[in-house]
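Q: build the 3D model from these lines:
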Amino acid sequence: MENLAFIGYGLALLIGISLGLIGSGGSILTVPILVYIMKVEPFVATAYSLFIVGSTALIGGIKNYIDKKVDLKAVVLFGIPSLIAVFITRAYLLPLIPPFISIGAWNIDKNMALMVLFALVMFTSATKMIKPAKASKIQNDNPRVFNLVIQGILIGLLAGTVGAGGGFLIIPALVLFTNMPMRMAVGTSLCIVAIQSLIGFLGDLSHTLIDWTLLLTFSGISIIGIFIGIYLTRFVPDNNLKKGFGYFVLTMAIYILIKEVFL
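A: All right, here's what the predicted structure looks like:
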């Protein structure tokens, strides 16, 4: 168990590097690492993920803001609806889900359902990273405002359900609906992820027992990683990085589906 924990803490560095490089991918890595390596129960792992990714993204967002790579208007229009949706989902909707979900003659375990849903989200995000959508030009500011608010609500609901910061969906949304440059989208995404993840975590405090030693150690290592990731952005082309990470996420999604459904 100690060896597994050592590996898990080592992989926490990878989470921070991922967030620093592409502004996303933190929760995609965090939940499987916590569940399969650190042996955290899946429902609790989604709560831990919100804190780890949120605190790491907060540091990265501040650094990008200092470097003038954050669109504050997009943070407000996207972030506020998103954080409200995340908080409501974590505090009120998820606790209502019974331990077993009945579909016909099948009784599906709540934890297994969360992991399968997470894998499906990973699969979708992987295809977006491998074949990113082309950005469209925005003719005026009204569609931009409406799209940002609606996207914020939808991604907030998803993020709250699976414990994902949502950066892997936020970045394509920012690029597609606001024609935002990739580097600006990364910095803006980190700020939005930080807000919705940390608010979402607050919604878990009343009904989740927290191992603060594990959580703070894991988060601290991840924060070190985000500085490494931000530094590496100077040398790694965006398109090559997103494609490579997309294939990695796709592999993890397939592994989780096989493990949860067939093993």
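Q: grab the CA positions of stretch 72-80 and hand them over as CSV.
A: C-alpha atoms of stretch 72-80 as CSV (Å, rounded to 0.1, in the frame of the first residue of the first chain):
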residue,chain,number,x,y,z
LEU,A,72,-11.9,38.2,-17.0
LYS,A,73,-15.2,38.9,-18.7
ALA,A,74,-15.4,35.3,-19.9
VAL,A,75,-14.5,34.1,-16.4
VAL,A,76,-17.5,35.9,-15.0
LEU,A,77,-20.0,35.0,-17.7
PHE,A,78,-19.0,31.4,-17.8
GLY,A,79,-17.8,30.9,-14.2
ILE,A,80,-20.7,32.2,-12.2
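Q: who's in contact with it?
A: Stretch 72-80 has contacts (C-beta atoms under 8 Å, 6 or more residues apart in numbering) with 145, 148-149, 151-152, 170, 173-174, 178, 180, 188, 191-192, 195-196. Heads up, the C-betas are built off the backbone N, CA and C, glycines and all.
Q: buried sites along that stretch?
A: Under the neighbour-count criterion of 16 or more other C-beta atoms under 10 Å, stretch 72-80 has Ala74, Val75, Leu77, Phe78, Gly79, Ile80 buried.
Q: pick the one among the residues you listed closest to Ile130.
A: Of all the buried residues of stretch 72-80, Ile130 sits closest to Phe78, with 23.9 Å by C-beta to C-beta.
Q: looking at the one helix or strand the closest one maps to now, give me its mean pLDDT.
A: Secondary structure assignment for Phe78, by DSSP states H and E: helix 72-88. The average pLDDT for helix 72-88 rounds to 86.
Q: now the element after that helix, going C-ward?
A: Remark: after helix 72-88, the chain's next helix or strand is strand 100-103, criterion DSSP H and E.
Q: check which helices and strands that following strand sits against.
A: Judged by 3 or more C-beta pairs under 8 Å, 6 or more residues apart in numbering; DSSP states H and E, the packing partners of strand 100-103 are strand 106-109, helix 110-130.
Q: follow-up on the earlier one: just the buried subset of the contacts of stretch 72-80, please.
A: Applying 16+ other C-beta under 10 Å to the contacts of stretch 72-80 flags 148, 151-152, 170, 173-174, 178, 180, 188, 191-192, 195-196 as buried.
Q: hmm, Met180 is touching Pro172, no?
A: No - look at Met180 against Pro172 with C-beta atoms under 8 Å: they stay out of range, at 10.6 Å.
Q: what about Ser222, how many residues close to it?
A: Neighbour count for Ser222, taken as other C-beta atoms under 10 Å: 29.
Q: in the helix or strand containing it, which residues are buried?
A: Element membership of Ser222, judged by DSSP H and E, is helix 212-232. The neighbour-count check on helix 212-232 (16+ other C-beta under 10 Å) flags Leu214, Leu215, Phe218, Ser219, Gly220, Ile221, Ser222, Ile223, Gly225, Ile226, Gly229, Ile230 as buried.
Q: for the residues you listed, name the two members farthest from one another.
A: Spanning the widest gap among the buried residues of helix 212-232 are Leu214 and Ile230, at 25.2 Å by C-beta to C-beta.
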